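K.L.:
sequence and predicted structure, then a few things I'm wondering about:
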Amino acid sequence: MRKILLLFTVIIVGLLFISRLFYLQIYKKEAYSLFEDSAIKKEYNYPKRGYVYDRNGKLLVANQPSYDVMIIPREVEPLDTLEFCKLLKITKEDFIKKYNRAKSYSPRLPSPFVPQLSKKDYAVLQEKMRKFDGFYIQKRSLRDYQTTIGANVLGDLGEVNRRTIEKQPYYTLGDLIGKQGIELSYEDVLRGVKGIKFSQKDRFNKIIGPYKNGSFDTLPQPGKDIKITIDSELQKYGELLMTNKRGGIVAIDPTNGEILALVSGPSYNPNLLVGRDRSKNFTKLYRDSIAKPLFDRGLQAQYAPGSPFKVINALIGLQEGVITPQEKVTCRMGYYYGSRRLTGCHHHKSPVDMNAGIAQSCNAYFVTAYRKIIDKYPDAGNGMNTWADHAKSFGLGDYLGYDLPVGQKGRIPDGNYYDRAYGDNRWGSTYIVSNAIGQGEVEATPIQLANMAAAIGNRGYYYTPHIIKEIEGDTIPSKFTTRRETTIDRHHFEPVVQGMFDVYNKGTAATLRIPGIDICGKTGTAENFVKIDSVKTQLTDHSIFVAFAPKDNPKIAIAVFVENGYWGSRFAGRMASLMIEKYIKGEITRTDMEHWILTHSLENEYAKPYSGEPFKINGETTLQLVDKVEAPKDDDLNNSINVNTNKPKL
Amino acid sequence: MHSREQHRGFGFDWITIVLFLLLVGFGWLNIMSASHEGEIISYFDMSQLYGKHAVFIGLTFVLITLILSIEAKFYERFASVIYIIAMLALVGLFLFGKDVNGARSWYGIGSMTIQPSEFAKFATALALAKYMSDLQTDMNTIKDQLKAVGIIFLPAILILLQNDAGSTIVYASFFFVFYREGLQQIYLVIAITAIVLAVLALKFGILITAIVAAIVICCIYFFRRKKRVSIFQSIIILLVCVSFSAGVRMFYDHVLKPHQQNRISLWLRLEKDPIKLEKMKKEEAYNLIQSEQAISSGGLTGKGFMQGTRTTGKFVPEQETDYIFSTVGEEWGFLGSTLVVILFMALIIRVLFLAESQKSQFSRIYGYGVAAILFTHFTINIGMVMGLIPTVGIPLPFFSYGGSGLWGFTILLFIFIKLDSNKINEW
């Protein structure tokens, strides 16, 4: 006992030390990361984000410096909170809340404490920053929009969220990332790569030198500038025309699929989503569930396309050899199956051949053609599948594959669809005649309709619509330069194109003619319903128009869609014609038409369903007149703080 | 006879010497890591601490040669003289000493400083061994026990008066020597009881301590039937316990300096007020927190030699001296730190083993003293660096930066190696 006491104690103490070491270094230890080492200071150097130019080289989006106050909670030392809060213009409660939030995220990693200081606040704060351990100022660059238009296309930047950081470790809390529009779809191109500098700190938080001689440091790589396909003049004009209306305009260059204009109404000033007010303004836009300014009606609004879809049926009929351009169909104010009228029609001359059928938008003609296509095959399922394959070759019924982050598939039903709806083979062509006139189960978005117009204008092919024109030092993806063929032979297009030309010459758009430009178009009117207090209520029809021009070798294909605009040529047709004139001629000669659009508002129409009163629709309503809308000036872009959500002026 | 010894390496215990060399060498590497400023140009750069330490190590070999070449009998014969010189050196500090960090423990000679308390340890061990091995000394008498204690208390008190409480505690290690040499069991019981009572009194207060003591004494009273303690004795023991607890409490409240109170308070987690605790941690536990973080960040294999970010950033104050073990922890990880712990254990156990094999009582007692001193330093230093015991500033033998410390421990160890090599001549 006497001999072993010390020996025994030595062994006990040794084992105790080893277990303590095990606890400290293995059990309690978190995986070592240079980024979480508080002895190493990490300074990020954010590169310039790529500029955005329009197709003509006009600068749309530039950058402005911004300063974030960042916090590393573990390094915060007791400070003069009162002074600090005063400098940052926050209350002490805010301070505690922000501190706790940052700490709960990570005590070791930096989080933004007060983002996006004004230059003035920054200047005052910078001198005093040394006094506040654990806080530092991070310089970043914010977007500086040189224009008030195209918010839906240009998109915006926002602070990266934690879920994205987990998936993409490139980002750290407080980084800005594209949230919408091209900022989102071209994030990797525009962003560049941030540089980082590691420095060894001492215990007083003073930098004593570079970490490992800077061998881990990287230089920032600047983001690439991009040129987008948007024609900012045309876009601006489209947005002007869309004032006081809701809807979308999509204009495409058929020769290459470039999107010339992508208008969504109502819109907002992109500068609203920059800086310290971003989240406030974003919430305001996001919460507007009536006007939905963040909903891109050019890309996301999926509706029954109405009459413009008829031309597809004409083309499929010709391709399948079930109709000829000369064949005539009698119209008795509708299509009759036995004595039952399956669909109505409006008043026009009868019988009609294909040309008149398109020009007069005769329902009976297209139901006849459509039934012939389906009934060519032994069972309706096969017929429907063949029909759907043709329609889908125009880019309908599925995502188009364009380079903007939002969209809808649209819908082209096939045999399976009706087998599911009615039971296998328990349906026939008479069940589904609404598809013939673009109602029923067929649905499409404005960009799909514009693309369809481009494919018709090209007599059988199209390029996937896209927004990117040039990337600095790079090429655009090859899928945008690959021609995509439709399943319709080229020679079948001529009679259909002629029909669309006659829509302007003598048909439903005869009043919309533009001198000197041969426009081919097709009007559309789509019935629509909403639920008001769970009662299905019909609203005034949507006004739809699809066109391309000139007739031969078209330079522009366009789809216009105006919610509750009543009939096709009334709003959408006028707007399409004006857009075409603006793009091709660069000036407007039909000032009468322009004046009409700018002085007529649909705001009262949109207010009706929310009024709580019974209301009338379509022909029984009167149009609201407003003072002529003026185009916004580019030089007062930062002053328009009010969100332009087109509140009804009653 | 001598020729056979020469074949076996002059009769020196090479295991001990190798362990010593390993510790000194590894220690120097860590001092280099902890102390270098900027690029390392030369290992003997005298403007840097590691350069100075390299010189100290070089001089150590001169010292070793000297110690080993002196006749073994010299140490026994002149033990008293060495002790007296060491004590005079300690006393002299009051007149000629130099204050460093509030402790008057150094002589300044030009730019050199020398710390006599590091040399007093081996002197005391020699003197104690000499006294206890004397034929006229009977350690079973209270008188001789007191005399032996006096030999220890003299340097201990002198050092305490010089405000170096840490070094004073080291003298408690001689308890192991007494115990080995036949101190009555009751002293061990008293020592352990005293420690338990002190902790209880500080942690839970005198009342609870008294109740616990009473229960334990009752148990002993009822269950120990053979050699029954009388009720009167039991009450006396209880009273002694209670007054001891009260004494500890008083000592803690009134004698200890605030920073010492704080260290104990942090260790026993006495402070409940979070604001005061935070403040206390800021003031007292900064070193400890930094040191624990550095060790913890090393992980299994460490960040590599000279790669420790906390070491390079000098986050742990005093890292090249008392906190050198945190460098090992950060740069060499669990594997390296465990190796150091094992090296120390091996060294102490080897010395113990050799001490037990001595024929001469003087050599055995001295050897035991060496083992006990090394053990105390090892336990207190590494325990403190890892936060297991309250902060007590004493160096890690052979590892920490400093000439006096290195030489003190080298002399301590090598006198024993010399004595051991001579055991064949003892009868």
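P.N.:
Cool, got the structure. Residues are numbered from 1 along each chain as shown, chains lettered A, B, ... in the order given.
K.L.:
and the strands in the stretch 301-450 of chain A, which stretches?
P.N.:
Along the stretch 301-450 of chain A, the segments classed as strands by DSSP state E, counting those that start in this stretch run A:334-337, A:340-344.
K.L.:
quick one: closest of those strands to chain B.
P.N.:
Within these, the stretch nearest chain B is strand A:340-344; the backing value is 76.9 Å (CB to the nearest CB). Using the backbone N, CA and C atoms, a C-beta is placed for each residue, glycine as well.
K.L.:
where is the longest helix in the chain?
P.N.:
Since you didn't name a chain, this refers to chain A. With DSSP state H applied, the helix covering the greatest number of residues in chain A is identified as helix A:5-22.
K.L.:
let me rephrase: I mean chain B.
P.N.:
Max-length helix for chain B by DSSP H is helix B:324-356.
K.L.:
how about that one, which residues are buried there?
P.N.:
Within helix B:324-356, the residues that count as buried by 16 or more other CB atoms under 10 Å in any protein chain shown are B:324-334, B:336-338, B:340-341, B:343-352, B:354-355.
K.L.:
same deal with stretch B:113-125?
P.N.:
Neighbour-count burial for stretch B:113-125 [16+ other CB under 10 Å]: B:114-125.
K.L.:
export it as CSV, just CAs?
P.N.:
These are the backbone C-alpha positions of stretch B:113-125, laid out as CSV (Å, rounded to 0.1, in the frame of the first residue of the first chain):
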residue,chain,number,x,y,z
THR,B,113,16.9,36.5,-14.8
ILE,B,114,17.2,33.5,-12.5
GLN,B,115,14.5,32.0,-10.3
PRO,B,116,16.0,30.5,-7.2
SER,B,117,12.7,28.7,-6.2
GLU,B,118,13.3,26.3,-9.2
PHE,B,119,16.6,25.3,-7.6
ALA,B,120,15.2,25.1,-4.0
LYS,B,121,13.1,22.1,-5.0
PHE,B,122,16.0,19.7,-5.5
ALA,B,123,17.8,21.2,-2.5
THR,B,124,14.9,20.5,-0.3
ALA,B,125,14.5,17.0,-1.7
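K.L.:
among the buried residues of stretch B:113-125, which are in helices?
P.N.:
When the buried residues of stretch B:113-125 are checked against helices using DSSP H, the ones located there are B:116-125.
K.L.:
need the max-distance pair from these.
P.N.:
Checked with CB to CB, those reach their widest spread between B:116 and B:125, with 15.0 Å between them.
K.L.:
quick one: contacts for residue A:518?
P.N.:
In this structure, residue A:518 makes contact with A:501, A:504, A:549-552, judged by CB atoms under 8 Å, 6 or more residues apart in numbering or on different chains.
K.L.:
if we go to 10 Å?
P.N.:
Neighbouring residues of residue A:518 by CB atoms under 10 Å, 6 or more residues apart in numbering or on different chains: A:501, A:504-505, A:548-552, A:554.
K.L.:
top of these by neighbour count?
P.N.:
When neighbours are taken as other CB atoms under 10 Å in any protein chain shown, the top entry among the contacts of residue A:518 is residue A:548 (31 neighbours).
K.L.:
now that residue, nearest residue through space, not along the chain?
P.N.:
Nearest non-adjacent residue to residue A:548, counting by CB to CB, 6 or more residues apart in numbering or on different chains: residue A:457, 3.6 Å away.
K.L.:
relative to residue A:290, which of the strands of the stretch 301-450 of chain A is closest?
P.N.:
Set against residue A:290 and scored by CB to CB, these come closest in strand A:340-344, at 32.0 Å.
K.L.:
residues of the closest one that come out buried?
P.N.:
Using 16+ other CB under 10 Å as the burial criterion, the residues of strand A:340-344 that qualify are A:342-343.
K.L.:
now for that strand, which elements pack on it?
P.N.:
Secondary structure elements in contact with strand A:340-344, counted by 3 or more CB pairs under 10 Å, 6 or more residues apart in numbering or on different chains; DSSP states H and E, are strand A:334-337, helix A:363-375.
K.L.:
report the rounded mean pLDDT for the first one.
P.N.:
I take that to be strand A:334-337. Regarding strand A:334-337, the rounded mean pLDDT is 82.
K.L.:
ok, the most centrally placed residue in chain B to residue B:365 distance?
P.N.:
With distances taken as CA atoms, centre = their mean, residue B:377 lies nearest the centre of chain B, 2.7 Å away. Using CB to CB, to the nearest Å, residue B:377 is found at 19 Å from residue B:365.
K.L.:
same check on residue A:555?
P.N.:
Note on residue A:555: its distance to residue B:365, by CB to CB, is 109 Å.
K.L.:
of the two, which one has the most company?
P.N.:
Relative neighbour count places residue B:365 above the other of residue A:555 and residue B:365, with 25 against 16, counting by other CB under 10 Å.
K.L.:
if I look at the more buried one, how far off is residue A:122?
P.N.:
The spacing between residue B:365 and residue A:122, counted by CB to CB, is 74 Å.
K.L.:
what residues are up against residue A:325?
P.N.:
Contact criterion CB under 10 Å, 6+ apart gives A:314, A:317-318, A:353-355, A:357, A:492, A:494-496, A:498-499 as the residues in contact with residue A:325.
K.L.:
now do the helices in the stretch 301-427 of chain B.
P.N.:
Read by DSSP state H, counting those that start in this stretch, the stretch 301-427 of chain B holds these helices, from start to end of the chain: B:309-312, B:324-356, B:361-385, B:403-421.
K.L.:
anything in the first one near chain A?
P.N.:
So the one you mean is helix B:309-312. Yes. Legend: contact between helix B:309-312 and chain A by CB under 10 Å from any CB of the partner chain is shown at B:309-312.
K.L.:
can you redo those residues as a markdown table with pLDDT and neighbour count?
P.N.:
Putting the residues of helix B:309-312 next to chain A into a markdown table (pLDDT from 0 to 100; neighbours: other CB atoms under 10 Å in any protein chain shown) gives the following:
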| residue | pLDDT | neighbour count |
| --- | --- | --- |
| B:309 | 85 | 23 |
| B:310 | 85 | 31 |
| B:311 | 86 | 28 |
| B:312 | 83 | 24 |
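K.L.:
nearest to residue A:4, of those residues?
P.N.:
Proximity of these to residue A:4, judged by CB to CB, is greatest for residue B:311, which lies at 38.4 Å.
K.L.:
re earlier: reformat the helices of the stretch 301-427 of chain B as TSV; add distance to residue A:439.
P.N.:
Supplementary listing: the helices of the stretch 301-427 of chain B in TSV, determined by distance: least, CB to CB, whole Å:
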stretch	distance to residue A:439
helix B:309-312	70
helix B:324-356	74
helix B:361-385	82
helix B:403-421	96
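K.L.:
now do the buried residues in the longest helix of chain A.
P.N.:
Along helix A:5-22, the positions that meet the burial threshold by neighbour count (16+ other CB under 10 Å) are A:6-7, A:10, A:13-14, A:16-18, A:20-22.
K.L.:
filter those down to the ones close to chain B.
P.N.:
Applying CB under 10 Å from any CB to the buried residues of helix A:5-22, those adjacent to chain B are A:6-7, A:10, A:13-14, A:16-18, A:20-22.
K.L.:
can you get me a residue count around the nearest residue to residue A:216 once chain neighbours are set aside?
P.N.:
Leaving aside its chain neighbours, residue A:216 sits nearest to residue A:198 (5.2 Å; criterion: CB to CB, 6+ apart). The burial metric for residue A:198, expressed as a neighbour count using other CB under 10 Å, is 20.
K.L.:
against which helices or strands is the helix or strand residue A:198 falls within packed?
P.N.:
Secondary structure here is read from DSSP states H and E; on that basis residue A:198 sits in strand A:195-201. Strand A:195-201 is packed against strand A:40-45, strand A:207-210, helix B:309-312, with contacts defined by 3+ CB pairs under 10 Å, 6+ apart.
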